[in-house]
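1. Got a predicted structure plus its sequence, pasted below:
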Amino acid sequence: MRSYLFIILALAMMACQKEAKLTPGDDYDSPYKLPQGNTVADDTIMSIHAKFGTYILYRFSQADYAYDYSRMRQDSAFNANPAYIDTALNFFRNQLMAYYPDSFLHKTMPLKVLLASRVTAVNSSGNIPIGFASTASMFAIGWADSTLVRLTPQETRKLRGQLHHYYWERAYRTRSIEIPSAFVQLSPTEYGTLNLQNRYQFGVVADVFGSALNMAEDFMSYIDMITCHSTAELEADYFRPDIDTKGLIRQKYNVIINYYKTEYGVDLQAIGDLP
């Protein structure tokens, strides 16, 4: 009996050796097919996917935008205007990706970057543009239309600050980055008491209040402020003694600059100093 079992085992092993090795198909474990079309941006999109595993999509469904594992967003995003796909992608690459080390991008790039002609939310006034949006797996840029080519340099810088703000917001939501503990220690213990008049003395530069203002929004507002203002502009505005009366804005700024430069090699002020 033992010799019989040995023969059966040997035959089975020989059959396994002759059988062709199973390989995954082209669509194996791939939620999206790239390229999506035939545009000048497709080669760049493919290279970004090969390097970071991120799918940059200009054609997508509402579910691709709204689904967040446990809930659905109530706002909407719309497919890119084909004439401006490359413009929107270059905005993302030239105003954000180019200034972060690959190690930081590998840590923070989402599964999907959606190039949308617009991103809108619904309120009592109807549909309103919100520009950027994110979930745990998605970051949407709602400017794949004619807007970017018509912006002044100053408007482009302002939009760059928002781009970094919402990119970091998604990264923080997924715990890809953290708020430095020294920043937390310098922050107010109760955000609900702040308003437009007293925010600066508490070291808060955000322009939202009430339930929308919290530690994360406080921090993201600094990311926005830094990446759209030059050093000279910060000195002439936010750091003035009559504005930063307790020196908290400069202290929180220094914490962010030093922490991310040391921890990730990210120089946020170098981005703000760009033209």
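-> Good, I have the coordinates.
2. What about Arg250, how many residues nearby?
-> Taking other C-beta atoms under 10 Å as the neighbour definition, Arg250 ends up with a count of 15. (Glycine included, C-beta is placed from N, CA and C.)
3. phi, psi of it?
-> Per-residue torsions, Arg250: phi -60, psi -40 (degrees, to the nearest 10).
4. Next, the contact list for it, please.
-> Residues in contact with Arg250 (C-beta atoms under 8 Å, 6 or more residues apart in numbering) are 238-239, 244.
5. do that again at 7 Å, thanks
-> 239, 244 (C-beta atoms under 7 Å, 6 or more residues apart in numbering).
6. got it, and the one 3 residues further on?
-> For Tyr253, the contacting residues are 222, 226, taking C-beta under 7 Å, 6+ apart as the criterion.
7. repeat that for 8 Å
-> Applying C-beta under 8 Å, 6+ apart to Tyr253 gives the contacts 222, 225-226, 234, 238-239.
8. Likewise for Gly142?
-> When the contact criterion is C-beta under 8 Å, 6+ apart, the partners of Gly142 are 77, 116-120, 129-133.
9. Grab the nearest non-local neighbour of it.
-> Ranked by C-beta to C-beta, 6 or more residues apart in numbering and with sequence neighbours excluded, the top spatial neighbour of Gly142 is Val119, at 3.3 Å.
10. Can you pull the phi/psi pair for Thr193?
-> Per-residue torsions, Thr193: phi -90, psi 0 (degrees, to the nearest 10).
11. Give me the pLDDT for it.
-> At Thr193, the model reports a pLDDT of 90.
12. Kindly report the same for Thr262.
-> Confidence at Thr262, expressed as pLDDT, is 97.
13. Surely it is in a helix?
-> Yes. Assessed with DSSP: H, G, I helix; E, B strand; the rest coil, Thr262 lies in a helix.
14. how close does it get to Ala121?
-> Thr262 sits 37 Å away from Ala121 when distances are taken as C-beta to C-beta, to the nearest Å.
15. between the two, which one's more packed in?
-> Ala121 (14 against 10).
16. do you know how far the more buried one is from Arg71?
-> Noted for Ala121: a distance of 15 Å to Arg71, by C-beta to C-beta.
17. Report the contact partners of Ala216.
-> Counting by C-beta under 8 Å, 6+ apart, Ala216 has contacts 169, 172, 179.
18. Burial check on Leu111, number of neighbours?
-> Neighbour number of Leu111 under other C-beta under 10 Å is 15.
19. on that earlier part again, only the buried subset of the contacts of Ala216, as a ChimeraX command please.
-> Applying 16 or more other C-beta atoms under 10 Å to these, the buried members can be selected in ChimeraX as follows:
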select :169,172,179
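20. Please list the members of the contacts of Ala216 that lie in helices.
-> 169, 172 (DSSP state H).
21. Could I get the full set of strands for the stretch 51-200 of the chain?
-> In the stretch 51-200 of the chain, the segments counted as strands under DSSP state E, counting those that start in this stretch are 55-57, 76-79, 112-123, 126-129, 132-134, 138-141.
22. Pop out the phi and psi values for Ser211.
-> Torsion angles at Ser211 (phi, psi; degrees, to the nearest 10) stand at phi -70, psi -20.
23. rewinding a little: out of the contacts of Tyr253, which is nearest to Leu159?
-> Of all these, Met225 has the smallest distance to Leu159: 14.0 Å, by C-beta to C-beta.
24. Can you tell me the closest non-neighbouring residue to the closest one?
-> Nearest to Met225 is Val205, by C-beta to C-beta, 6+ apart, at 5.3 Å.
25. Sketch out the low-pLDDT regions of this protein for me.
-> Scanning the chain for pLDDT under 70 picks out 1-29, 123-126.
26. domain parsing for this structure?
-> Taking automatic domain parsing as the reference, the chain has its domains at 42-151, 181-272.
27. now these as JSON lines including distance to Lys33?
-> Listed next are the domains of the chain as JSON lines, based on distance: least, C-beta to C-beta, whole Å:
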{"stretch": "domain 42-151", "distance to Lys33": "9"}
{"stretch": "domain 181-272", "distance to Lys33": "32"}
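28. To Lys158, which of those domains lies closest?
-> That would be domain 181-272 among the domains of the chain, by C-beta to C-beta, at 5.5 Å.
29. ok, Tyr69 to Met138 distance?
-> From Tyr69 across to Met138, the span is 11 Å (C-beta to C-beta).
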